[in-house]
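Sequence and predicted structure are below.
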Amino acid sequence: MLSRILRNFATERVAYKPKYFSQDQIDFYNREGFVVAKQVLPRSITDNLQKWAKEMEDLPETPGKWMKYFEVTKGQRLLCRVENFLPFFPELREISYGMVTDMSSDLFGEQAVIYKEKINFKFPQGSGFAAHQDQPAFVSFGCKKLLTVLLPIDANTRQSGGLDFVRQHHIPAEILPQNSDGSLRTDIEAKLNWIPLDAHGGDLVFFDSYAPHRSDVNTSASTRRNLYLTYNPLSHGSWRDKYYEEKRRVFPPECERDPTKDYSEGAKVFNVANPIK
């Protein structure tokens, strides 16, 4: 009897205590598959996100460093994504490994760790991202519990190609039927109830890796840039270095590609449902 009481006491004592989210917000995330935290980023970060994004846009394509990926729209090569930039931007690294990690830990109910990071660039008339779940892109190391945090750099609106989500469809944590490019099978997408979710600088949007989402073409006159940080529970391992090592091997940026190699197999995991070539 005493041993059982001591075990229960020890369990209660080490239970994770949320630092940022209320229990109602955590319950909402667990039920709906996403949650929005409005205007929570420090102004020092929000005010500089556009500047840092422009610096990333201007970075030269350099093997072994940041990773730049492109789409081709109407014959024009457009930057679509930059990855592996946290080592080169200390202020972004600090908030990513600090406050946003802590908020992700609140939602996991245990310590979180960064899995990967990216900025998606959607220039005027830039392509949308087909309906998909993120989980198929995270299968390399067996992690089955991840979440992604959206930090809007520019306003996400209907005109700029903001995101749509499907509520409560992250349960029971299953990958839905897919098209050959990793997007949701067209008939499945058509049956789902898509909810538009607009967001602005200073907001944070957290969503489960099984939550279906999509975005449309940017029909506005301005670029829409989104920064995404993906986390997994630390108890599932720390995989960021391994992730980028594997991605460079099977789906590297163009400046690192061997013209004699076929990267289509790597694209099935590392290029799910997006316009990158």
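Now that the structure is in, tell me what you want to look at.

Convert the helix or strand hosting Glu245 to CSV, retaining C-alpha atoms only.
Taking DSSP states H and E as the definition, Glu245 sits inside helix 240-250. Written as CSV, here are the backbone C-alpha positions of helix 240-250 (Å, rounded to 0.1, in the frame of the first residue of the first chain):
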residue,chain,number,x,y,z
ARG,A,240,17.4,17.3,-36.5
ASP,A,241,21.0,16.6,-37.6
LYS,A,242,20.1,13.2,-38.9
TYR,A,243,17.1,14.6,-40.8
TYR,A,244,19.2,17.1,-42.7
GLU,A,245,22.0,14.6,-43.3
GLU,A,246,19.4,12.2,-44.9
LYS,A,247,17.7,14.9,-46.9
ARG,A,248,20.9,16.1,-48.4
ARG,A,249,21.6,12.5,-49.4
VAL,A,250,18.3,11.7,-51.0
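
Buried ones in whichever helix or strand comes after it, by neighbour count?
For helix 240-250, the following helix or strand on the C-terminal side (DSSP H and E) is helix 264-270. Residues of helix 264-270 classed as buried: Gly266, Ala267, Lys268, Val269, Phe270 (neighbour count, 16 or more other Cβ atoms under 10 Å). In short, each C-beta sits where N, CA and C put it, glycine included.

which of those residues lies closest to Glu110?
Val269 (26.0 Å; Cβ to Cβ).

wait, the closest one sits on Ala137?
Yes - Val269 is within contact range of Ala137, at 6.0 Å (criterion: Cβ atoms under 8 Å).

Distance check, Phe34 against Phe28.
The spacing between Phe34 and Phe28, counted by Cβ to Cβ, to the nearest Å, is 9 Å.

out of those two, which sits in the busier spot?
Phe34 (23 against 15; other Cβ atoms under 10 Å).

How about that one: which residues does it bridge to?
Phe207 (DSSP bridges).

Show the contacting residues for it.
Phe165, Arg167, Leu197, Val205, Phe206, Phe207, Asp208, Ala211 (Cβ atoms under 8 Å, 6 or more residues apart in numbering).

Determine the three-state secondary structure at the first one.
Going by DSSP: H, G, I helix; E, B strand; the rest coil, the secondary structure assigned to Phe165 is strand.

For it, list the residues it contacts.
Residues in contact with Phe165 (Cβ under 8 Å, 6+ apart) are Gly33, Phe34, Trp194, Ile195, Leu197, Phe207, Ala211, Pro212, His213.

That one bridge partners, please.
Bridge pairing for Phe165 - DSSP bridges - gives Ile195, His213.

And it, how close does it get to Tyr29?
12 Å.

The third one too?
For Leu197, the distance to Tyr29 equals 13 Å [Cβ to Cβ].

Then the fifth one?
Phe206 sits at a distance of 6 Å from Tyr29 (criterion: Cβ to Cβ).

any shared contact partners between the two?
Common neighbours of Phe206 and Tyr29, counting by Cβ under 8 Å, 6+ apart, are Val35, Leu107.

follow-up on the earlier one: mark which of the contacts of Phe34 are buried, thanks.
With neighbours counted by 16+ other Cβ under 10 Å, the contacts of Phe34 contain buried members at Phe165, Leu197, Val205, Phe206, Phe207, Asp208, Ala211.

does the third one sit in a helix, a strand or a coil?
Three states are possible here, and by three-state DSSP the one that applies to Val205 is strand.

Then the last one?
Using three-state DSSP, the three-state assignment for Ala211 comes out as coil.

Was I right to think it contacts Gly33?
Yes - the criterion here is Cβ under 8 Å, and Ala211 meets it with Gly33 at 3.8 Å.

residues shared between the contacts of the two?
By Cβ under 8 Å, 6+ apart, the residues touching both Ala211 and Gly33 are Phe165, Val166, His169, His170.

Drop anything exposed from these.
Among the shared contacts of Ala211 and Gly33, the ones that count as buried by 16+ other Cβ under 10 Å are Phe165, Val166, His169, His170.

which among those gets closest to Arg224?
Nearest to Arg224 among those: Phe165, at 16.7 Å, using Cβ to Cβ.

residues contacting Leu92?
Leu92 neighbours (Cβ under 8 Å, 6+ apart): Ile45, Trp52, Phe85, Leu86, Leu227.
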